[in-house]
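Colleague: Build me a model:
(one chain, ligands or ions: 2)
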Amino acid sequence: MQGPRPVVLSGPSGAGKSTLLKKLLKEYEDVFGFSVSHTTRQPRPGEVNGKDYHFVTREDMQKEIDAGEFIEHAEFSGNMYGTSKGAVQAVQARNQICVLDIDIQGVKNIKRTDLNPIYIFVQPPSMDILEKRLRDRKTETEESLLKRLTAARVDLELSKEPGLFDLVIINDDLEKAYSELKKMLLEEIKKAEESRKS
Ligand SMILES: Nc1ncnc2c1ncn2[C@@H]1O[C@H](COP(=O)(O)OP(=O)(O)OP(=O)(O)O)[C@@H](O)[C@H]1O
Ligand SMILES: Nc1nc2c(ncn2[C@@H]2O[C@H](COP(=O)(O)O)[C@@H](O)[C@H]2O)c(=O)[nH]1
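Modeller: Ligands and ions are numbered 1, 2, ... in the order given. So this is what the prediction gives:
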């Protein structure tokens with residue numbers, strides 16, 4: 001039997017990817033492992049280096065990219081983000097299903113690799129609600145917020161490409177969205193639990 005597939009969550013900034021992911025990682029802490037990305041953006045209050053992200057300088061990240069240490073990387077809202085080979089290997093070494101939270105450029109780049117994940121797009125109920133959630137989160141400057149909203153409009157159009165995503169979840173009611181996520185991942189969860197028993 002084929003092992004469980006990794007999972008990619010993508011969607012506009014503020015759509016609720018981290019919120020859904022945190023619920024999944026809490027309920028299935030042995031089953032799923034988060035791929036800790038690198039970023040050149042500043043940490044937000046409460047974010048932990050090495051847990052939420054590897055916070056690095058642009059210079060250091062570029063060096064690692066040039067050395068071939070990244071599976072994918074992208075520029076988003078004025079900062080660099082990327083998934084290192086080491087981030088994915090660390091999760092796989094723990095025998096967990098690797099979950100990536102990446103933007104849509106990352107999705108397109110991962111499609112060129114042999115990772116073969118399940119691709120899930122988390123969509124906000126509307127642009128107005130997305131803006132309200134991002135403003136209420138109080139993590140962005142006005143400039144960064146506007147950049148993220150512009151990127152969101154583009155992402156929502158790009159996400160319509162047939163076959164790009166295996167599932168689109170509209171994150172209106174959080175519990176409903178989370179149930180849809182779990183339903184999609186049920187087979188992979190079963191496979192992971194079986195392989196952990198043997
Ligand atoms: N279904 C929901 N209903 C109401 N608020 C929500 C819902 N889902 C998430 N939120 C809130 O919306 C905000 C954005 O969510 P979150 O940070 O998870 O988004 P994200 O997609 O991970 O964003 P980013 O890509 O910027 O990291 C958070 O404050 C979160 O608490
Ligand atoms: N292509 C990649 N995108 C990534 C990665 N890690 C995070 N992201 C995406 O960046 C934006 C902004 O994140 P934020 O934490 O600054 O709000 C969001 O869409 C993430 O999905 C990555 O390694 N590669």
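Colleague: residues contacting the residue of the chain found nearest ligand 2?
Modeller: Nearest residue of the chain to ligand 2 (CB to the nearest ligand atom) works out as Gly106 at 2.6 Å. In short, each C-beta sits where N, CA and C put it, glycine included. Contacts for Gly106 (CB atoms under 8 Å, 6 or more residues apart in numbering) come out as Val8, Ser10, Glu72, His73, Ala74, Tyr81, Gly82, Thr83, Leu100.
Colleague: Determine if any part of the worst-scoring helix or strand of the chain on mean pLDDT is in contact with ligand 1.
Modeller: Least confident element among the helices and strands of the chain, by mean pLDDT, DSSP states H and E: helix 174-197 (a mean of 94). Yes: counting by CB under 6 Å from any ligand atom, ligand 1 has neighbours in helix 174-197: Leu174, Ala177.
Colleague: ok, back up a step: of the contacts of Gly106, which belong to strands?
Modeller: Among the contacts of Gly106, the members found in strands (DSSP state E) are Val8, Ser10, Glu72, His73, Ala74, Tyr81, Gly82, Thr83, Leu100.
Colleague: Turn these into CSV, including pLDDT and neighbour count.
Modeller: Conversion of those to CSV gives the following (pLDDT from 0 to 100; neighbours: other CB atoms under 10 Å):
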residue, pLDDT, neighbour count
Val8, 98, 24
Ser10, 98, 26
Glu72, 98, 23
His73, 98, 23
Ala74, 98, 17
Tyr81, 98, 22
Gly82, 98, 24
Thr83, 98, 26
Leu100, 98, 26
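Colleague: hang on, the earlier thing: so which helix or strand takes in the residue of the chain closest to ligand 2?
Modeller: helix 104-110 (DSSP states H and E).
Colleague: State the mean pLDDT of the following helix or strand past that helix.
Modeller: The first helix or strand that comes after helix 104-110 along the chain, using DSSP H and E, is strand 118-123. If you average the pLDDT over strand 118-123, you get 98.
Colleague: Now do strand 118-123: which elements does it pack against?
Modeller: Applying 3 or more CB pairs under 8 Å, 6 or more residues apart in numbering; DSSP states H and E, we find strand 118-123 packed against strand 7-10, strand 167-170, helix 174-197.
Colleague: Burial-wise, tell me which of the ones you listed comes out on top.
Modeller: strand 7-10 (a mean of 24; mean count of other CB atoms under 10 Å).
Colleague: Name the strands paired with that one and say parallel or antiparallel.
Modeller: According to DSSP bridges, strand 7-10 has the following sheet partners: strand 97-101 (parallel), strand 118-123 (parallel).
Colleague: Turn those into a markdown table, including distance to Ile169.
Modeller: Formatted as a markdown table, the strands paired with strand 7-10 follow (distance: least, CB to CB, whole Å):
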| stretch | distance to Ile169 |
| --- | --- |
| strand 97-101 | 14 |
| strand 118-123 | 5 |
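Colleague: Kindly reformat these as JSON lines containing distance to ligand 1.
Modeller: Shown next, in JSON lines, are the strands paired with strand 7-10 (distance: least, CB to the nearest ligand atom, whole Å):
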{"stretch": "strand 97-101", "distance to ligand 1": "7"}
{"stretch": "strand 118-123", "distance to ligand 1": "6"}
